[in-house]
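Engineer: Predicted coordinates and the sequence they were generated for:
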There are 2 protein chains.
Amino acid sequence: MRDEATKAVTAIGQVLQEQIDHGLLAAGSKLPAERKLSELFGTTRITVREALLQLEAQGQIYREERRGWFVSPPRLAYNLMQRSHFHAMVSAQGREPSTEVISARLQPASAAVCAWLQLPALSSVIQICRSRRIDGRLVLYVEHYLNPQFFPGILEFDLNQSITELYARHFDLHYGRVRFEIVPTSLSVDAAAALRVSVGSPGLRIARVNYDQHGRLIDCDLEFWRHDAIHVGVDVV
Amino acid sequence: MRDEATKAVTAIGQVLQEQIDHGLLAAGSKLPAERKLSELFGTTRITVREALLQLEAQGQIYREERRGWFVSPPRLAYNLMQRSHFHAMVSAQGREPSTEVISARLQPASAAVCAWLQLPALSSVIQICRSRRIDGRLVLYVEHYLNPQFFPGILEFDLNQSITELYARHFDLHYGRVRFEIVPTSLSVDAAAALRVSVGSPGLRIARVNYDQHGRLIDCDLEFWRHDAIHVGVDVV
DNA sequence: AAACAGTGCTGGTCTAGTCCAGATAGGTAA
DNA sequence: TTACCTATCTGGACTAGACCAGCACTGTTT
């Protein structure tokens, strides 16, 4: 057991890794079933599963609940300094974005949201939950919380489009200062359900607090990314 | 199985979570052994282990190889905009930093490092590997790569101290522009060994490329953080 | 006091299955 | 054609054990 390669888990991982690296398993393609793999490697499903979980942690593969394991596509470059929205960012990298609205309503704000938006207790906020895809793959679940005083009637608009553009076109609001908070953690129950992954999958939580061109705190977002879907870039001058 | 709480794994997780939240299991304290827990919850070790792995993914607990499971201390706030070094940052948050040098030598640069430092093929670079602790807990493994032309004789100094301060005091070099690249992934083999965690543990990789006050590219760092040890803050103006 | 050898405890790794629930595709009936 | 049903395939969850390697403590020897 001294040699790493003699451990079944690492050995399986290395073989799969190699196949991926050499393009024999292309991005997005499906791996054989766990039972097939355990047969192929002459071991149990639990051992195979452990190897798969390690590759998942690395970001090489991902799973879709009860559908199978797939090879992860390249990560999206998320540059915090370029204040670009999802749709523009994804398109600029030659990939295809899409958005689905899950829910949108006025509701009482949670304590955490009150704190972020600096609102008094029991305030109402507009909550918009959306899931977003890159090339058809669910990668991001976002909860937006808007201070309702700045956005009268926004719930009447089509929220599948970019909210940033909606702000600009109909409310003459543009993002000014932004504060990001990045936490590596697992996906929340809601996020896991929306992204159709098993609860407890690793994820990246990015909270944004947004100010407008006049320095007023207008909204905040809570983004849950699949951990293998992005890499974050920041240029500090 | 509709109700989440009827799943043994989630149930175990919730019980432990609650104990942690209410301070019955204090930060840094050790959980009972896996076998004890499986007895306590009337289930197998594998099931308990799965629950523990989920809490680990969430960042609530962590393990030390063959020593046991422990409750994670609060995360360190890592603000990319305040160009502060590890020692100052940790101290400012009322916690105790320490550093150990693992290796320091002049060596041929890997292809990746040549690219980062914009050096020609087969260049030599100074590599400094260090591990860092907060309140005694290993949280960070860093590989520094210095362009040797800017740092004659740096290997003679005590590298347990802050390298940033060394740059300033002895080489009159100060950080100017910095580029960060943040990738959620698992720890590299070296990093896992240095942090004494099992390979495949989730981690956060932060690569920094640093320019000096004259805009010259002087060095880069490859940081591997325990994923539950930090949250990253960025203010964009 | 210092070095050493046990010894029990811990997580790490692995076997060999079982049963369940959601996803899928093929076929059948309206 | 369309709607539905059903058999099969997938991963998800779980049981009940096994052996190994490294850690920490204890008691003995030098």
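Structural biologist: Cool, the structure landed. Residues are numbered from 1 along each chain as shown, chains lettered A, B, ... in the order given.
Engineer: end to end, how far does stretch A:96-116 reach?
Structural biologist: Stretch A:96-116 has an end-to-end distance of 32 Å (CA to CA, to the nearest Å).
Engineer: Does it reach chain B?
Structural biologist: No: on the criterion CB under 8 Å from any CB of the partner chain, stretch A:96-116 is out of touch with chain B, staying 13.3 Å away. The way it works is simple: take the backbone N, C-alpha and C, and place the C-beta from them, glycine included.
Engineer: Determine how far that stretch lies from the middle of the whole chain.
Structural biologist: Distance of stretch A:96-116 from its chain centroid, counting by CA atoms, centre = their mean, to the nearest Å, is 15 Å.
Engineer: what residues does that stretch touch?
Structural biologist: Contact with stretch A:96-116 is made by A:86-87, A:89-91, A:117, A:119-136, A:145, A:148, A:155, A:159-161, A:194, A:207, A:209, A:220, as judged by CB atoms under 8 Å, 6 or more residues apart in numbering or on different chains.
Engineer: what do you get if the cut-off is 6 Å, keeping everything else the same?
Structural biologist: Residues outside stretch A:96-116 that contact it (CB atoms under 6 Å, 6 or more residues apart in numbering or on different chains) are A:86-87, A:90, A:123-133, A:135, A:145, A:155, A:159-160, A:209, A:220.
Engineer: Then stretch A:43-50?
Structural biologist: Residues from elsewhere that reach stretch A:43-50, judged by CB under 6 Å, 6+ apart: A:8, A:9, A:34, A:37, A:38.
Engineer: Throw together a ChimeraX command that grabs the buried residues out of the contacts of stretch A:96-116.
Structural biologist: Here is the ChimeraX command that selects the buried residues among the contacts of stretch A:96-116 (16 or more other CB atoms under 10 Å in any protein chain shown):
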select /A:86,87,90,125,126,127,128,129,130,131,132,133,145,159,209,220
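Engineer: Mind checking which of the contacts of stretch A:96-116 land in helices?
Structural biologist: A:86, A:87, A:90 (DSSP state H).
Engineer: pLDDT value on the first one, please?
Structural biologist: At residue A:86, the predicted lDDT confidence score is 94.
Engineer: ok, it - contacts?
Structural biologist: By CB under 6 Å, 6+ apart, the neighbours of residue A:86 are A:97, A:132.
Engineer: separation between it and DNA strand C?
Structural biologist: Noted for residue A:86: a distance of 25 Å to DNA strand C, by CB to the nearest atom of the strand, to the nearest Å.
Engineer: Then residue A:46?
Structural biologist: Per CB to the nearest atom of the strand, residue A:46 is found 4 Å from DNA strand C.
Engineer: So that residue lies in a strand, does it not?
Structural biologist: No: under the criterion used here (DSSP: H, G, I helix; E, B strand; the rest coil), residue A:46 is helix, not part of a strand.
Engineer: Roughly how far does the closest residue to residue A:26 other than its chain neighbours sit from residue A:25?
Structural biologist: Closest residue to residue A:26 apart from its sequence neighbours, by CB to CB, 6 or more residues apart in numbering or on different chains: residue A:71 at 6.5 Å. According to CB to CB, to the nearest Å, residue A:71 and residue A:25 sit 5 Å apart.
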